[in-house]
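>>> here is my input; please provide its structure:
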Amino acid sequence: MNFVTLGNYLLPVVVFLIIAVALYKKVSLFDVFIEGAKEGISLGFQVFPCLLGMIFGINLLLRSNLISDIFGFFSPLFTLFRVPKEILPLALIRPISGNASFAMMIDIFKTYGVDSYLGRIAAVMQGATDTTIYVISLYFGSIGIKNIRYALKAGLFADFITLVVSILLVSIFF
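I've put the predicted structure just below:
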């Protein structure tokens, strides 16, 4: 039995287990489901403005020439440390957007190959870092936190360290 077949059976089994536990505990499953759906819609309306602002900001950043200007400014530093310039857009976009960075990683895979040096760096970066700015803006904004204190600095510092370590580990092991 392969994982796809297992996955096809696992979801219905989990649903039936939830129903069985609800029947055993005498919980009105449909009422609880409706209550959860209402909360989900309410949460969606709370999160939507933050998400819209985030999408606008990402598109503004991607459509401007800011990224190429940043790369041009830091190019001597990247050359000094032998960091491939093709990985820089992924490193810059990853803390902002998971989907955009995933698309960049796929583009690196198509252009250079999955088992290439750049492909391996991209895969490690994608798996090891987080979408810090997205998480902070969406989650903090949806619950009304205006003062993020050290969360952004700590998150971006952790992302930077993770990017550096990703490049180092791929350089060492591959």
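>>> every contact and neighbour count from this point should use C-alpha atoms.
Will do.
>>> in the helix or strand hosting Ile19, which residues are buried?
Assessed by DSSP states H and E, Ile19 sits inside helix 3-24. Neighbour counts over helix 3-24 (16 or more other Cα atoms under 10 Å) mark Ile19 as buried.
>>> quick one: contacts of it?
28-29 (Cα atoms under 8 Å, 6 or more residues apart in numbering).
>>> does anything pack onto the next helix or strand after it? Which helices or strands?
Using DSSP H and E, the helix or strand that follows helix 3-24 in sequence is helix 29-63. Where contact means 3 or more Cα pairs under 8 Å, 6 or more residues apart in numbering; DSSP states H and E, helix 29-63 is packed against helix 3-24, helix 141-142.
>>> run through who's touching the worst-scoring helix or strand of the chain on mean pLDDT.
Taking mean pLDDT, DSSP states H and E as the measure, helix 141-142 is the helix or strand of the chain with the lowest mean score, a mean of 76. By Cα under 8 Å, 6+ apart, the list of residues contacting helix 141-142 from outside reads 46-47, 50.
>>> how about a cut-off of 10 Å?
Outside helix 141-142, the residues that touch it by Cα atoms under 10 Å, 6 or more residues apart in numbering are 43-51, 135-136, 147-148.
>>> ok, stretch 88-99 next?
54-55, 57-58, 61-62, 67-68, 70-71, 75, 78, 100-105, 108, 121-122, 125-126, 129-137, 155-156, 159-160, 163-164.
>>> how about a cut-off of 8 Å?
58, 67, 71, 100-101, 104-105, 122, 125-126, 129-134, 156, 159, 163.
>>> are any of the residues you listed buried, and if so which?
Counted by 16+ other Cα under 10 Å, the contacts of stretch 88-99 give 58, 67, 71, 101, 104-105, 122, 125-126, 129-134, 156, 159, 163 as buried.
>>> could you dump the helix holding Ile19 to PDB, C-alpha only?
Listed next in PDB are the C-alpha coordinates belonging to helix 3-24 (Å, rounded to 0.1, in the frame of the first residue of the first chain):
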ATOM      1  CA  PHE A   3       1.100   6.700   0.800                       C
ATOM      2  CA  VAL A   4      -1.500   8.100  -1.700                       C
ATOM      3  CA  THR A   5      -3.800   5.100  -1.000                       C
ATOM      4  CA  LEU A   6      -3.200   5.400   2.700                       C
ATOM      5  CA  GLY A   7      -4.000   9.100   2.600                       C
ATOM      6  CA  ASN A   8      -7.200   8.400   0.700                       C
ATOM      7  CA  TYR A   9      -8.400   6.100   3.500                       C
ATOM      8  CA  LEU A  10      -7.000   8.200   6.400                       C
ATOM      9  CA  LEU A  11      -9.200  11.200   6.000                       C
ATOM     10  CA  PRO A  12     -12.500   9.400   6.100                       C
ATOM     11  CA  VAL A  13     -11.300   7.300   9.100                       C
ATOM     12  CA  VAL A  14     -10.500  10.500  11.000                       C
ATOM     13  CA  VAL A  15     -13.900  11.900  10.200                       C
ATOM     14  CA  PHE A  16     -15.600   8.800  11.400                       C
ATOM     15  CA  LEU A  17     -13.500   8.800  14.600                       C
ATOM     16  CA  ILE A  18     -14.600  12.300  15.300                       C
ATOM     17  CA  ILE A  19     -18.200  11.400  14.800                       C
ATOM     18  CA  ALA A  20     -17.800   8.300  17.000                       C
ATOM     19  CA  VAL A  21     -16.300  10.300  19.800                       C
ATOM     20  CA  ALA A  22     -19.000  13.000  19.500                       C
ATOM     21  CA  LEU A  23     -21.700  10.300  19.700                       C
ATOM     22  CA  TYR A  24     -20.000   8.600  22.700                       C
END
